[in-house]
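Novice: heads up, no residue letters with this:
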């Protein structure tokens, strides 16, 4: 099933197109199903993690720290200033800032593989940023959204614990203490995560079709700019900060960090927006974000492959 997982960007784009023309194909996947879907995605992520992934954090702490720091600085502040620049309505601005404050998603690991970047480093950064998001996503969102929209910081924290910490930890423990069962689940975990990400994104896009069309170019441009800056600044700053290191190592790290920073856990953004913001339009930026970063990530992978690391 590797081919199915590796084609994740294609399924996301196809799902989004189908959702726009036939919204009913996906809008049934709503309410509690979206929360359960994200839980399965995070459980799938947890079950793929091993002790070696956490050992790598100790073995390459500077690399992981570099990626995580850039993740929680470039994207949140870019989201804030982009929302101001495009004068987004408060509900869209809150949604944009929220997804910008989310950690990297498992999609970044797929793109890192396709781009021939450092997959082990990508997995380590995703793992660390996911656990840090339990605190940082609610804190940064509450701070940056500010008085524009009422934000329940504790509600965001509780929701993040519910849909991130519990399922990821459950997946890790399942692999650790039930190896035979997890060995059966492991081959289907990544494809299942892909299916549920596509369902979540397509459902929100289908339900919000009219409002997306009304919002026009400003909303789409803000999301495209957010992820473009993530890729560009993630790459440029990591190359600058890796000066003096081996050139091959610096280039591979820079590509990995660019992917990790430029791609967010948009599914988490959708669920947190639905559970903690009263306006039903707030999850739309997260859904558009998933589509956008998949396209940009695929382009980045193609660009990287045309310039192999020597």
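Specialist: Ah, there it is. Bear in mind that the values here come from a model prediction, so they are computed numbers and not experimental data.

Novice: for residue 294, helix, strand, or coil?
Specialist: What DSSP: H, G, I helix; E, B strand; the rest coil gives for residue 294 is helix.

Novice: who's in contact with it?
Specialist: Taking CB atoms under 8 Å, 6 or more residues apart in numbering as the criterion, residue 294 is in contact with 8-9, 12-13, 107, 263. (Each C-beta comes from the backbone N, C-alpha and C, glycine too.)

Novice: As TSV, the residues you listed with pLDDT would be great.
Specialist: Below are the contacts of residue 294 laid out as TSV (pLDDT from 0 to 100):
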residue	pLDDT
8	76
9	79
12	82
13	83
107	78
263	89
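
Novice: Among those residues, give me the pair with the biggest separation.
Specialist: 13 and 263 (14.5 Å; CB to CB).

Novice: which of these two has more neighbours?
Specialist: In this view residue 13 and residue 263 are compared by other CB atoms under 10 Å, and residue 263 has more residues nearby, 33 against 16.

Novice: tell me the contacts of the more buried one?
Specialist: 104-105, 107-108, 111, 227, 230, 293-294, 297 are the contacts of residue 263 under CB under 8 Å, 6+ apart.

Novice: would a markdown table of these with distance to residue 39 be doable?
Specialist: A markdown table is the format used below for these (distance: CB to CB, whole Å):
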| residue | distance to residue 39 |
| --- | --- |
| 104 | 18 |
| 105 | 15 |
| 107 | 17 |
| 108 | 20 |
| 111 | 23 |
| 227 | 25 |
| 230 | 26 |
| 293 | 21 |
| 294 | 21 |
| 297 | 24 |
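
Novice: neighbours around residue 214, how many?
Specialist: 10.

Novice: State the helix or strand in which it lies.
Specialist: helix 209-215 (DSSP states H and E).

Novice: Buried residues, that helix. List them.
Specialist: Residues 209, 212, 215 are the ones in helix 209-215 that count as buried (16 or more other CB atoms under 10 Å).

Novice: Please apply the same query to stretch 78-97.
Specialist: 78-80, 82-83, 86, 88-97.

Novice: Provide the contact partners of that stretch at residue level.
Specialist: Stretch 78-97 has contacts (CB under 8 Å, 6+ apart) with 76, 99-101, 141, 144-145, 148-149, 151, 215, 218-219, 221-223, 225-226, 229-230, 233, 269, 273, 277, 279, 281-286.

Novice: So among those, which ones count as buried?
Specialist: 76, 99-101, 141, 144-145, 148-149, 151, 215, 219, 222-223, 225-226, 229-230, 233, 269, 273, 277, 281-286.

Novice: Understood, closing this out.
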